[in-house]
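**Student:** Sharing a model that was predicted from the sequence below.
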Amino acid sequence: MITIAVDCMGGDHGPKVTLPACTEFLDAHPEARLILVGLPQALQGFSHPRASIVTASEVVTMDDPLEVALRRKKDSSMRVAVQQVKDGAAQAAVSAGNTGALMAISRYVLKTIEGIERPAIAGQIPNKTGGATTVLDLGANVDCTAEHLLQFAMMGSALVSVLKNEDAPSVGLLNIGEEAIKGNEVIKRAGELLRAAAKAGDLNFYGNVEGNDIFKGVVDIVVCDGFVGNVALKTSEGLASMIGGFLKAEFSKNPFTKLSALIAYPVLKALKNRFDHRRYNGAALLGLRGLVFKSHGSADVMAFGNALNRAYDAARNNLLDRVQLRIAKARPLLVEPADALI
């Protein structure tokens with residue numbers, strides 16, 4: 001029985017979305033339990049034989065500074081949910097709340113795995129193959145060293161091995177070109193580390209990839225710093241929105257454009273669905289001594305349910321153990337001099 005702690009108050013919609021999503025999730029997963037965390041009045045009336053309620057007296061808002069979320073709101077629904085993982089009551093926690101606050105609270109409560117300096121946010125960006133490319137970091141770390149990027153690659157490889165049931169998912173290093181000589185010194189050094197890990201048999205390193213390769217689905221995992229990763233994520237999110245807006249606009253014009261839009265509608269709708277981020281909602285906070293998943297703040301019932309699904313699959317397939325094992329294998333590379341890796 002897998003137990004997941006849910007911050008029911010987080011996100012733009014709170015219990016209006018999280019509670020229906022929890023009900024649907026429990027009905028679809030007979031071997032799962034949920035711990036619902038939130039304000040007493042918000043959870044009043046919810047009942048399910050495999051759900052329990054833990055109350056909290058505070059809520060972290062989307063605008064709360066990190067200091068407020070971490071130091072002042074010590075009984076927030078977000079923190080109490082993460083604490084369930086720390087205490088062993090749950091195998092994973094899910095929240096749609098403030099991303100920065102969730103990372104700070106999770107890192108403070110759970111601590112990082114030995115060998116990890118900075119946890120990373122790993123999410124999936126839809127690609128043209130009909131699947132998705134896992135990208136990390138998506139915004140937790142703006143400035144990264146080469147060693148951080150190697151850690152991200154190892155953690156991302158463990159995550160995708162769970163999501164896709166693949167032993168050796170392919171990893172690409174995001175760069176301005178495919179050639180190994182391109183990029184700044186951090187990227188070049190990261191390439192050396194990743195090639196060394198591949199030579200040791202610890203990683204399936206494809207090589208450098210460019211931004212368009214994320215959407216082509218050239219590799220399973222793309223590693224980059226959080227600044228670049230967040231830009232790529234927002235660009236991808238805007239694509240489906242743009243297509244939806246185009247359809248709406250064309251249907252509101254004259255009869256000729258309406259007819260043209262009607263003819264193209266099946267293709268454009270299929271394209272929009274392919275890039276629908278709700279299908280891949282649920283980013284993993286990797287590198288912690290516990291599983292935490294971040295749902296998009298504007299998630300609807302379907303999207304939040306998918307975040308719960310990802311947390312459930314990660315816990316059921318021992319993602320935490322896999323991450324620790326891969327980081328342990330990579331540890332020698334993080335202390336060897338650069339000359340020994342060439």
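**Tutor:** On my side now, so go ahead. Numbers count the residues shown, from 1 in each chain.
**Student:** how far does stretch 140-154 stretch from start to finish?
**Tutor:** Terminal residues of stretch 140-154 are spaced 17 Å apart (Cα to Cα, to the nearest Å).
**Student:** got the buried residues for it?
**Tutor:** With burial defined by 16 or more other Cβ atoms under 10 Å, the residues of stretch 140-154 counted as buried are 140-141, 144-154. Where you see a C-beta, it was placed from the backbone N, CA and C, and this is true even at glycine.
**Student:** and what of stretch 117-130?
**Tutor:** Neighbour counts over stretch 117-130 (16+ other Cβ under 10 Å) mark 118, 119, 120, 121, 122, 123, 124, 125, 126, 127 as buried.
**Student:** where are the low-confidence patches of the stretch 201-342 of the chain?
**Tutor:** Under the criterion pLDDT under 70, the flagged ranges of the stretch 201-342 of the chain are 239-275, 334-342.
**Student:** Could I get the full set of helices for it?
**Tutor:** Taking DSSP state H, counting those that start in this stretch, the helices of the stretch 201-342 of the chain run over residues 211-216, 226-251, 255-274, 301-316, 319-330.
**Student:** and the first one, what other elements does it pack with?
**Tutor:** Looking back up the chat, that one is helix 211-216. Contact analysis of helix 211-216 by 3 or more Cβ pairs under 8 Å, 6 or more residues apart in numbering; DSSP states H and E lists strand 120-126, strand 132-136, strand 170-174, helix 226-251 as its packing neighbours.
**Student:** Of the buried residues of stretch 140-154, which belong to helices?
**Tutor:** 146, 147, 148, 149, 150, 151, 152, 153, 154 (DSSP state H).
**Student:** ok, these vs residue 300, which is closest?
**Tutor:** Compare each of those with residue 300 using Cβ to Cβ and the shortest gap goes to residue 152, at 29.3 Å.
**Student:** quick one on the thing from earlier: compile the buried residues of stretch 117-130 into CSV and extend it with columns for distance to residue 163 and pLDDT.
**Tutor:** As requested, the buried residues of stretch 117-130 are arranged in CSV below (distance: Cβ to Cβ, whole Å; pLDDT from 0 to 100):
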residue, distance to residue 163, pLDDT
118, 22, 87
119, 18, 93
120, 16, 95
121, 15, 96
122, 10, 96
123, 11, 93
124, 8, 92
125, 13, 90
126, 14, 88
127, 14, 89
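**Student:** Can you give me the domain boundaries for this protein?
**Tutor:** The chain breaks down into these structural domains: 1-110, 115-278+320-342 (assignment by automatic domain parsing).
**Student:** could these go into TSV alongside distance to residue 313?
**Tutor:** Formatted as TSV, these follow (distance: least, Cβ to Cβ, whole Å):
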stretch	distance to residue 313
domain 1-110	9
domain 115-278+320-342	6
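**Student:** Can you say which of these is nearest to residue 288?
**Tutor:** domain 1-110 (4.5 Å).
**Student:** to the chain's geometric centre, what's the distance from that closest one?
**Tutor:** Averaging C-alpha coordinates over domain 1-110 and over its chain gives two centres that are 17 Å apart (Cα atoms, centre = their mean, to the nearest Å).
**Student:** same check, this time on stretch 224-233
**Tutor:** Here stretch 224-233 shows a centroid-to-chain-centroid distance of 12 Å under the convention Cα atoms, centre = their mean.
**Student:** Contacts for that stretch next, please.
**Tutor:** Residues from elsewhere that reach stretch 224-233 (Cβ atoms under 8 Å, 6 or more residues apart in numbering): 120-121, 123, 125, 135-144, 148-149, 173-174, 211, 214.
**Student:** Now it: buried residues?
**Tutor:** Using 16+ other Cβ under 10 Å as the test for burial, stretch 224-233 gives 224, 225, 226, 228, 229, 230, 232, 233.
**Student:** Would you check which pair of these lies furthest apart?
**Tutor:** It's 225 and 233 that sit farthest apart of the buried residues of stretch 224-233, by Cβ to Cβ, at 12.8 Å.
**Student:** and of the domains of the chain, who's closest to residue 301?
**Tutor:** Using Cβ to Cβ as the criterion, the shortest distance between residue 301 and the domains of the chain is 4.7 Å, found for domain 1-110.
**Student:** which regions of the stretch 51-200 of the chain lie under the pLDDT threshold?
**Tutor:** Low-confidence regions of the stretch 51-200 of the chain, defined by pLDDT under 70, are absent; no residue qualifies.
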